[in-house]
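Q: just to be clear, the model below is a prediction. Sequence and coordinates:
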Amino acid sequence: MARVFRGSERQAGPAATPAAEAGAAPAAGRGRGARPLASRLNSGTAATLATAVLILLLPFLVPGSTYLHYLAALMAIWGIAALGLNLLIGVAGQISLGHAGFMAIGSYATALLATRAGASFPVALLGAAAVTGAVGFLMGLPALRLHGHYLALASISFGAAVPEIILQWDTLTGGHAGVLVPGPALGPWELTGERQVYYLAWGAAFVLMAVASNLLRTRPGRALMVLRESDVLAQSLGINLVTYKTLAFTLSAVYAGIAGGLYAYLVGFISPFDFNLTSSIALVAMIVFGGLASVPGSMLGTAALVALLQVFSR
């Protein structure tokens, strides 16, 4: 074996110098891996830009279809809620089957701040995000001890309890009568038409998609992914379960609260029956259909499911 090895060295010629080896490795990498990666990045960027341009031009391509503007805005709003749920289930691995309850809290918080406190649109929406974030933090505490189907049952109970509390607390929420929500306004500009709310909803959706995408590239985002695999593994790597489980529920609730607030402004009227367990199950179906832990998949799955529901509901 030694003679064969030495013979192969003589046939191969003089040994390559370290400098030549160092130069050859990057060249090989550029030839085999860099071009496909660059092409994938370019194709992804092109698809994102094309989608953004299409969304931007849609109201001008179909100027007379106010129903289509409303439907597209509805896709953006439910997509925001689905994206928040995907951060919780797909990224962090925590189960929630009552997520529409957070949307209900955000929607009513926005409506009450706007009607009773006279808050402006940005203040009402940020207030709703703060309220739902606080409730999400409290919901994250039981997740420290509950796992699997026990956590699923607890989340279902939460989703069923929120509409009932809204119905019974009629002095504040209006009960069965619901709440009329005034149109949103940014300073002196009133956003009362479907086209204005359409741009408002999709603008918020793109901002929150960018926030979610950047989060997944950071250390907290990677910690949430480890948490999805195993609590024991996360603890062995020094990841604080209390911090990151409550972070996952809080962030997911904030997304749902913003979606609920935008829904209230879009529809102009809210009632407890808008956010039932069927809505929660639909949110789970959206992220499963679009792909778990996928930011664009959350929006695509939502758009597909909302479109199908609208088609078959006629």
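A: Happy to help now that I have it.
Q: surely Pro182 touches Arg116?
A: No - using CB atoms under 8 Å, Pro182 is not in contact with Arg116, being 11.5 Å away. Every residue, glycine included, has its C-beta placed from N, CA and C.
Q: and those two? which has more neighbours close in?
A: Between Pro182 and Arg116, counting by other CB atoms under 10 Å, Pro182 is the more crowded of the two (16 against 10).
Q: which SSE is the closest residue to the more buried one other than its chain neighbours in?
A: In this structure, Pro182 finds its nearest non-sequential neighbour in Ala114, 5.9 Å apart by CB to CB, 6 or more residues apart in numbering. Ala114 is part of helix 100-115, with elements assigned from DSSP states H and E.
Q: give the buried residues for that helix.
A: Under the neighbour-count criterion of 16 or more other CB atoms under 10 Å, helix 100-115 has 100-114 buried.
Q: ok, which stretches of the stretch 151-300 of the chain are strands?
A: Using DSSP state E, counting those that start in this stretch, the strands of the stretch 151-300 of the chain run over 179-180, 185-186, 189-190, 269-270.
Q: of all the ones you listed, which one is nearest Tyr150?
A: For the strands of the stretch 151-300 of the chain, the distance to Tyr150 is smallest for strand 269-270, at 31.3 Å, taking CB to CB.
Q: one step back: mind giving me the packing neighbours of the helix holding Ala114?
A: With contacts taken as 3 or more CB pairs under 8 Å, 6 or more residues apart in numbering; DSSP states H and E, helix 100-115 sits against helix 66-86, helix 121-140, helix 148-168, helix 170-173, strand 179-180, helix 241-267, strand 269-270, helix 277-290.
Q: what is the rounded mean pLDDT of the fifth one?
A: I take that to be strand 179-180. The average pLDDT within strand 179-180 is 94.
Q: which helices and strands does that strand pack with?
A: Under the contact rule (3+ CB pairs under 8 Å, 6+ apart), strand 179-180 is packed against helix 100-115, strand 269-270.
Q: of those, which is nearest Met225?
A: Using CB to CB, the nearest of the helices and strands packed on strand 179-180 to Met225 is helix 100-115, at 22.3 Å.
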